[in-house]
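[1] next come a sequence and a model predicted from it.
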Amino acid sequence: MPDPAASFDLLPGAADSPVLLHVPHSAREIPAEVRAGILLDDRALERELDHITDAHTAELADGAARLAVRTPWRFVNRLSRLVVDPERFPDEREEMLAVGMGAVYTRTTHREPLRGEDTDPGPLVDRWFRPYARAMTEAVAGRLAATGRAVVVDVHSYPSAALPYELHGEGPRPPVCLGTDPFHTPPKLLAAAREAFASCGETGVNSPFSGTYVPLDFYGKDARVGALMVEIRRDTYMTEPGGLPGPGLAGLASALAALVDALSS
């Protein structure tokens, strides 16, 4: 049985960098014992992975890390979000429970059954979600101890056309969507992101996706932890759904590196 600690990587950056690029949804890997609990046949599962995976965002973060003057730290999930979604609240606070997409998904992007409705999320949360959350908490604590502050930049992508699972898919879908939190996203952080991504097309805020990820130990409590979600519309850098990256990926990596540099100074 796979070791939960092998399901994610903390990739070190510069000792004095406060920036942590978080890449939670880029992978497609599903351990065999988790696959056994998924109702889809192999073909349908591959199609679902095409829709739900933030493809090539790990490469985007890697490119930005190589281009940045001060290398950021990176925390990369190596398992599909169909195992567990590490960014969800693990309890009733999670609004995506309404469409079967809490920490453990029971429905697909098209609201079809993914797991049985009687699935107990507890074992998956204990095995995969909690170790991930602890490791992210420790990674942020490490940046605080080393630099006195931490900035979590969540690296995501989203489809050009809304999928049925989206609760707020009727709003604008700009090339770059910036998700913010009223406590953890100060105006200076948002302004830096707008400037960095200005060359990538229109930049919107909190549509079609809002909010950003902060480990619960710090969430709403420690203003030294800044956070921003960067959502890239997939048609700007890849063939949808689940296809190869295109030339747009390089420009996005440069923009993300510019943001990292602005946040590191």
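    Thanks, I have it. These figures come from a predicted structure and were not determined experimentally. Numbering: from 1, shown residues only.
[2] what mean pLDDT does stretch 169-185 have?
    Stretch 169-185 shows a mean pLDDT of 97.
[3] surely Y132 is within a strand?
    No: assigned with DSSP: H, G, I helix; E, B strand; the rest coil, Y132 falls outside any strand and is helix.
[4] just the pLDDT for it.
    So, for Y132, pLDDT stands at 98.
[5] wait, isn't it in contact with N77?
    Yes: between Y132 and N77 there is a contact under C-beta atoms under 8 Å: 7.1 Å. Just so you know, the C-beta spots here come from the backbone N, C-alpha and C atoms, and that holds for glycine as well.
[6] which one of these two is surrounded by more residues?
    N77 (26 against 23; other C-beta atoms under 10 Å).
[7] which residues does that one contact?
    For N77, the contact set (C-beta atoms under 8 Å, 6 or more residues apart in numbering) comprises S7, F8, V23, P24, H25, S26, A27, P86, Y132.
[8] got those residues as TSV, with secondary structure and distance to E231 columns?
    As requested, the contacts of N77 are exported to TSV (DSSP: H, G, I helix; E, B strand; the rest coil; distance: C-beta to C-beta, whole Å):
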residue	secondary structure	distance to E231
S7	helix	23
F8	strand	21
V23	strand	13
P24	coil	12
H25	coil	11
S26	coil	13
A27	coil	17
P86	coil	16
Y132	helix	20
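[9] neighbours of D54, how many?
    21.
[10] so it touches H156, yeah?
    Yes: taking contacts as C-beta under 8 Å, D54 lies within contact range of H156: 5.1 Å.
[11] how far away is the residue of the chain most remote from its centre from G102?
    Within the chain, D118 marks the point farthest from the mean C-alpha position, 27.2 Å out by C-alpha atoms, centre = their mean. Remark: distance between D118 and G102 (C-beta to C-beta, to the nearest Å) = 15 Å.
[12] one step back: nearest to M238, of the contacts of N77?
    Nearest to M238 among those, counting by C-beta to C-beta, is S26 at 11.9 Å.
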